[in-house]
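K.L.:
Just need the structure, nothing else, for what follows:
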Amino acid sequence: MEVRIYYEDTDCGGVVYYANYLKYFERARTEYLEERGISVARLIKEGTQFLVVHAEVDYRSPARYGEVLTIETKLAETGRTSLTFAHVILERTSQRVVVEGSAKLVTVDLQGKVKRLEKSLVDALQSPPRRDS
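P.N.:
The predicted structure is shown next:
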């Protein structure tokens with residue numbers, strides 16, 4: 001997935017504001033799901049939500065206004081009730097590493113009670129991306 005850096009993404013020095021990387025991680029996870037035929041809206045309708053319970057971000061080099069970032073996302077770990085996604089953000093042209101990080105999500109019902117991941121969902125998450133995405 002790619003993200004173009006606009007002025008609104010930066011601090012007064014033209015560098016991406018540090019908290020925005022968490023938003024980019026969120027977008028990349030949503031793309032990861034959609035590329036595997038998993039709709040967040042459908043999951044919610046069926047009574048499943050994901051809540052982030054832990055996130056880590058390691059800043060390697062600054063991204064600046066006007067650059068395009070490539071976000072690589074993979075499912076790093078699957079537990080009975082949780083998923084951990086690993087993210088690497090690269091500047092598209094130079095391929096320099098900008099940020100590395102991860103996010104652990106827990107599966108809950110609509111009342112916020114932790115629930116087991118369904119096998120069919122785990123299988124879909126571990127599948128390769130669909131070609132039509």
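
K.L.:
how about the longest helix anywhere in the chain: buried residues?
P.N.:
Selection of the longest helix in the chain by residue count, based on DSSP state H, yields helix 20-34. Neighbour counts over helix 20-34 (16 or more other CB atoms under 10 Å) mark 20-21, 24-25, 28-29, 32-33 as buried. Yep, even glycine has a C-beta here, placed from its N, CA and C like the rest.

K.L.:
so where's the chain uncertain?
P.N.:
132-133 (pLDDT under 70).

K.L.:
Apply 90 and report the result again.
P.N.:
Across the chain, the ranges flagged by pLDDT under 90 are 130-133.

K.L.:
closest to A55 among the buried residues of helix 20-34?
P.N.:
Among the buried residues of helix 20-34, F25 lies closest to A55 (CB to CB), at 7.3 Å.

K.L.:
Am I right that the closest one is in contact with F85?
P.N.:
Yes - between F25 and F85 there is a contact under CB atoms under 8 Å: 7.4 Å.

K.L.:
shared neighbours, those two?
P.N.:
Contact criterion CB atoms under 8 Å, 6 or more residues apart in numbering; residues shared by F25 and F85: 73, 103.
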